[in-house]
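Chemist: What follows is a protein structure lacking sequence information:
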């Protein structure tokens, strides 16, 4: 827990839902940088400005929902990247099934799987940190939560464009579904009906 989160707790303890001004804040929390601290707390979503020189703490339930909302808003940041990538795994399944089959997420974890070039990993790490977006390298041992980009580094990127989105080819998606057939049987059925035997030559395993 960082110092601003701790301070937010004490500000809410001191003022609750009541408005307060800079003088009241200064009298309650000794500091030499009151204006900067309030500015930072507003920027981080802990406080809101009611009017000139008057502030109020964000209620805890609103703070939590706001934090989740800001995380979910990172879903479209890949439009800003300047490196090649391709959606893969469950996200490729979603794209190739035209959004008909969604899985691979929980109430607390919404991964977005993308293949990236191994040589570009430094770029990707800097990009996500700059945009305050959560990310992890596939196989990394850490706690995964919220909307998080899962990077699959590769030495060569096999990619096509479908519905204006870069994604691994259909054959790769079929192979992925075959390896996870218990979970992706409905997706394979959809792909079979749409693309036929030219793509899926063996269907007996279903």
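Modeler: Noted; the coordinates are in hand. Keep in mind the model is a prediction, meaning the values are calculated, not measured.
Chemist: Check which residues of the worst-scoring helix or strand of the chain on mean pLDDT are buried.
Modeler: Least confident helix or strand, the chain: helix 60-72 with a mean of 86, by mean pLDDT, DSSP states H and E. If you call a residue buried by 16 or more other Cβ atoms under 10 Å, then helix 60-72 has these buried ones: 63, 71. Where you see a C-beta, it was placed from the backbone N, CA and C, and this is true even at glycine.
Chemist: what residue lies at the spatial centre of the chain?
Modeler: Residue closest to the mean C-alpha point of the chain, counted by Cα atoms, centre = their mean, is residue 147 at 2.7 Å.
Chemist: Need the three-state assignment for that one.
Modeler: Secondary structure assignment for residue 147 (DSSP: H, G, I helix; E, B strand; the rest coil): strand.
Chemist: Now the closest residue to it other than its chain neighbours: which helix or strand?
Modeler: Distance criterion Cβ to Cβ, 6 or more residues apart in numbering; nearest residue to residue 147, sequence neighbours excluded, is residue 110 at 4.7 Å. Here residue 110 sits within strand 109-117, counting by DSSP states H and E.
Chemist: name the helices or strands packed onto the following helix or strand past that strand?
Modeler: Counting by DSSP H and E, the element after strand 109-117 in chain order, helix or strand, is helix 121-130. On a contact count with 3 or more Cβ pairs under 8 Å, 6 or more residues apart in numbering; DSSP states H and E, helix 121-130 meets strand 134-137, strand 146-154.
Chemist: Redo the ones you listed as JSON lines? Include distance to residue 176.
Modeler: Putting the helices and strands packed on helix 121-130 into JSON lines (distance: least, Cβ to Cβ, whole Å) gives the following:
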{"stretch": "strand 134-137", "distance to residue 176": "18"}
{"stretch": "strand 146-154", "distance to residue 176": "11"}
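Chemist: pretty sure residue 78 contacts residue 114?
Modeler: Yes: between residue 78 and residue 114 there is a contact at 7.2 Å, judged by Cβ atoms under 8 Å.
Chemist: which residues do these two both contact?
Modeler: Common contact partners of residue 78 and residue 114 (Cβ atoms under 8 Å, 6 or more residues apart in numbering): residue 85.
Chemist: Of those two, give the one with the bigger neighbour count.
Modeler: Under the neighbour definition other Cβ atoms under 10 Å, residue 78 and residue 114 were set side by side, and residue 114 has more, 24 against 18.
Chemist: Isn't the more buried one up against residue 91?
Modeler: Yes: between residue 114 and residue 91 there is a contact at 7.4 Å, judged by Cβ under 8 Å.
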